[in-house]
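K.L.:
Okay, here's the prediction I keep looking at, along with the sequence it came from:
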Amino acid sequence: MVNSIFIETIQSFSEVLWQHGYQVMFAMSGYPDSREDELVTAILARRPEAIYLTGVSRSLATRRRLATSGIPVVEAWDLTPAPSHRN
């Protein structure tokens, strides 16, 4: 959260979604796969409208969970030919 562009992105993202009737739930893993796995599992249990993830590197278990969730997934801040929700 120390990178100002990250904070500006989250603020803008939240404001635009709020204007369209959505609320943003924010969680930060610090990138370790085990922590992200736990966070994604907790978030999916709440059945959100969509999930926005930073980066594209995730564990196979999380990739499978996202792919079978039926929830739209956006991966940002990196490019990949194999998005997590397509496994």
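P.N.:
The structure has been received and is ready for your questions. Numbering: from 1, shown residues only.

K.L.:
which SSE is the residue positioned nearest the centre of the chain in?
P.N.:
In the chain, the residue lying closest to the centroid (Cα atoms, centre = their mean) is Leu53, at 2.4 Å. In this structure, Leu53 is located in strand 51-54 according to DSSP states H and E.

K.L.:
how many other residues sit next to Tyr22?
P.N.:
Using other Cβ atoms under 10 Å, Tyr22 has 12 neighbouring residues. No exception for glycine: its C-beta is placed from N, CA and C like everyone else's.

K.L.:
What pLDDT does the model give the residue nearest to the centre of the chain?
P.N.:
Taken from the predicted model, the pLDDT recorded for Leu53 is 87.

K.L.:
Just the pLDDT at the closest residue to Glu49 other than its chain neighbours, thanks.
P.N.:
Leaving out its chain neighbours, the residue that sits closest to Glu49 by Cβ to Cβ, 6 or more residues apart in numbering is Tyr22, at 6.4 Å. Note on Tyr22: pLDDT of 92.

K.L.:
Next, Tyr22: secondary structure please.
P.N.:
The three-state label for Tyr22, taken from DSSP: H, G, I helix; E, B strand; the rest coil, comes out as coil.

K.L.:
so how far is Arg65 from it?
P.N.:
In this structure, Tyr22 and Arg65 are separated by 22 Å, where distance is defined by Cβ to Cβ, to the nearest Å.

K.L.:
can you give me the strands in this structure?
P.N.:
Ranges of strands in the chain, per DSSP state E, are 51-54, 73-76.

K.L.:
Pick the most buried one from those strands.
P.N.:
Between the strands of the chain, the one whose residues have the most neighbours on average, counting mean count of other Cβ atoms under 10 Å, is strand 51-54 (a mean of 18).

K.L.:
Name the strands paired with that one and say parallel or antiparallel.
P.N.:
Strands that pair with strand 51-54, judged by DSSP bridges, come out as strand 73-76 (parallel).

K.L.:
Show me the shaky parts of the protein.
P.N.:
Per-residue confidence of the chain (counting by pLDDT under 70) places the weak regions at 1-4, 31-33, 79-81, 83-87.

K.L.:
at 90 what do you get?
P.N.:
Applying pLDDT under 90 to the chain flags residues 1-11, 13, 23-36, 52-60, 63, 74-87.
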